[in-house]
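Chemist: Quick one: sequence plus predicted model below, questions after.
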Amino acid sequence: MVFGWGKKKEETEKATLAQEIQISEIMHALEEHKKSRQDIAAQESKPRFETIKKEIQSIFRIINNLKDDDLNLDDVDNRIKVIAVRGKAEIVETITKEAKTTIPDVRNYESMLKSTEVCSHILKKIGDVLGKNSRIVHIFAKKYANDLKAHLETVTTNHQIILKMIQEIKDFESSENIIKEKIASLTSLSEDLLTKISGLAKHKESLKQYENLIAGTEKKLQELKSSKEYAQFLSLQSNLKRLDEERNRTYKEIDDEFSKISRPLGKYVYVTSLDKQLKVLLESLIQTPSGTLEATKKDAIITILESCMKGVISGTVSVKESEKTVGQITHLISILDQLIRRKEEHEKKIRAAKEQAGSFDQNHFADLEKRLSDAKEDLDNTTSKIRSLESEIEQQTRQSEHLLEELSEILYKTLGRKYVVVK
């Protein structure tokens, strides 16, 4: 076998129990193994190069004999003679030149590669020239053909063995590169795993904090809800809700009354000669009568309504049923005091109810509820992140284990012994 490894030794090594190897040690082990193979290859190539050199010199001697041989071309057709002489000259010139090319001595693997390169060049040149002129050799120099073929076969055989040695080392280097890529992938994956495991631990710690925060906040809220002040607060809120509903009904009644004259008011705003302040009030009445109506504005509102009514009577404000509109305006003026009083009574009741809020800290209660809501949202988000990270860690752990197995298999094929790769 190439490199001098006996079959028995190879089988013994393969039968050896698997040996542990650290990822950080793999490239060094590969480098040592490659260096050993290169040294063996260089050493085993030396006698083969010596054989090649001797065979090339034998070829050179045959060519020298060919050079002095007239090949009995005197009786050959002149055109063929010219071709034969030219072909012979080309063979002699090319092989003589290549035979004088120095094939460097092999000292190490690098010089072996250089010697192989020179040898390949010589063989190609000799092969090309003989191939080009093969008919001339076989027809006119037949007595040299067999010897040339025998020596060339010996050169080629040794050359191919040397090329095979080099190819095996190149194959080893290819495997070495694949192993290097696997190690890089595994290292990157391991670093990513460590980051995610660290992140998972932080998220789990945060999860505990959120759980504690939720438990603590719920306890505080429960204590507040169990208090007398909270019961009073709920009663107040219920009362305020009822008062708000009553006020809204009053507001709706006010808006409904003003909606009956919304058309004349809407037309009056374009023809009115009222001053700017009253015109602004008129526009507000049209938009939100319930929000605008109040005691301090009563006289101004009556002025506006009476002016609008005069416009309807005079025809300045055009409506379909002027009498009906005048009646609606008159009715609205007559109930203004009642509407204002009802609105003010509701506002007064609401203010009084709010003043009875007591000692219950509504803002603190609201802050606790917001804190609880935020903590629950954070808890849900963190739980989701933990599940996602756990899934990714599980997937990448399997991927890492698979890479370790692949690495062990490639090392076995490359180094010829079983390894268990450990991080």
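Modeler: Yep, it's here.
Chemist: what residue ranges in the chain score low on pLDDT?
Modeler: Applying pLDDT under 70 to the chain flags residues 1-16, 357-359.
Chemist: Now do the strands in it.
Modeler: Secondary structure of the chain (DSSP state E): strands at 19-22, 419-422.
Chemist: Tell me which of those strands sits nearest to L207.
Modeler: Closest of the strands of the chain to L207 is strand 419-422, at 32.5 Å (criterion: CB to CB). Quick note: C-beta positions are derived from backbone N, CA and C, even for glycine.
Chemist: Nearest residue to T288 in space, please, no chain neighbours.
Modeler: Using CB to CB, 6 or more residues apart in numbering and skipping the chain neighbours, the partner closest in space to T288 is D255 (7.9 Å).
Chemist: related to what we said a few turns ago, what's the closest of the strands of the chain to L281?
Modeler: strand 419-422 (88.6 Å).
Chemist: How about the contacts made by M309?
Modeler: For M309, the contact set (CB atoms under 8 Å, 6 or more residues apart in numbering) comprises 325-326, 329-330.
Chemist: ok, so of those, who is nearest D367?
Modeler: Nearest member of these to D367, counting by CB to CB, is I329, at 51.3 Å.
Chemist: from memory that closest one sits against I261, does it?
Modeler: Yes. Between I329 and I261 there is a contact under CB atoms under 8 Å: 5.6 Å.
Chemist: who touches both of these two?
Modeler: 305, 308.
Chemist: Please say which of these two ends up with more neighbours.
Modeler: A direct count of neighbours by other CB atoms under 10 Å for I329 and I261 places I261 higher, at 24 against 21.
Chemist: pretty sure Y412 contacts V421?
Modeler: No. Y412 is beyond contact range of V421, at 10.6 Å (criterion: CB under 8 Å).
Chemist: Next, count neighbours for Y144.
Modeler: 19.
Chemist: residues in contact with the residue nearest to A99 when sequence neighbours are not counted?
Modeler: In this structure, A99 finds its nearest non-sequential neighbour in F60, 3.6 Å apart by CB to CB, 6+ apart. Contacts for F60 were tallied using CB under 8 Å, 6+ apart; they are 95-96, 99.
Chemist: The same query, at a cut-off of 10 Å, please.
Modeler: Shown in contact with F60 (CB atoms under 10 Å, 6 or more residues apart in numbering): 92, 95-96, 98-100, 151.
Chemist: Quickly list what's touching both of Y412 and V421.
Modeler: A18.
Chemist: if you count what's nearby, which of these two comes out ahead?
Modeler: Just comparing Y412 and V421: by other CB under 10 Å the higher neighbour count belongs to V421, 24 against 14.
Chemist: Who are the contact partners of that one?
Modeler: Going by CB under 10 Å, 6+ apart, V421 touches 18, 20-23, 25-26, 179, 182-183, 186, 403-411.
Chemist: what about L407, how many neighbours?
Modeler: For L407, using other CB under 10 Å, the count is 22.
Chemist: from memory it sits against I26, does it?
Modeler: Yes. Judged on CB atoms under 10 Å, L407 makes contact with I26 at a distance of 7.6 Å.
Chemist: what touches both of these two?
Modeler: Applying CB under 10 Å, 6+ apart, one finds that L407 and I26 are jointly contacted by 179, 182-183, 419, 421.
Chemist: Distance check, the residue nearest to V422 when sequence neighbours are not counted against V420.
Modeler: Closest residue to V422 apart from its sequence neighbours, by CB to CB, 6+ apart: E20 at 5.5 Å. According to CB to CB, to the nearest Å, E20 stands 5 Å off from V420.
Chemist: what does K208 give?
Modeler: K208 sits 38 Å away from V420 when distances are taken as CB to CB.
Chemist: Neighbour count: those two, which is higher?
Modeler: For K208 versus V420, neighbours defined as other CB under 10 Å are more numerous around V420 (14 against 10).
Chemist: For D77, which residues are in contact?
Modeler: D77 neighbours (CB under 10 Å, 6+ apart): 83-84.
Chemist: For it, give its distance to D70.
Modeler: D77 is 16 Å from D70, by CB to CB.
Chemist: Same check on K114?
Modeler: 40 Å.
Chemist: of the two, who's got more company?
Modeler: More neighbours surround K114 than the other of K114 and D70, with 14 against 9 (other CB under 10 Å).
Chemist: show me what contacts the more buried one?
Modeler: 103-104, 106-107.
Chemist: can you check L194 too?
Modeler: L194 touches nothing, counting by CB under 10 Å, 6+ apart.
Chemist: Repeat that for the one 3 residues further on.
Modeler: With contact set as CB under 10 Å, 6+ apart, I197 has these partners: 389, 393, 396-397.
Chemist: Now the buried members of the residues you listed.
Modeler: When the contacts of I197 are checked for burial by 16 or more other CB atoms under 10 Å, the buried set is 389, 393, 396.
Chemist: Contact partners for the last one?
Modeler: The one in question is Q396. Taking CB under 10 Å, 6+ apart, one finds 189-190, 192-193, 196-197 in contact with Q396.
Chemist: All set, thanks.
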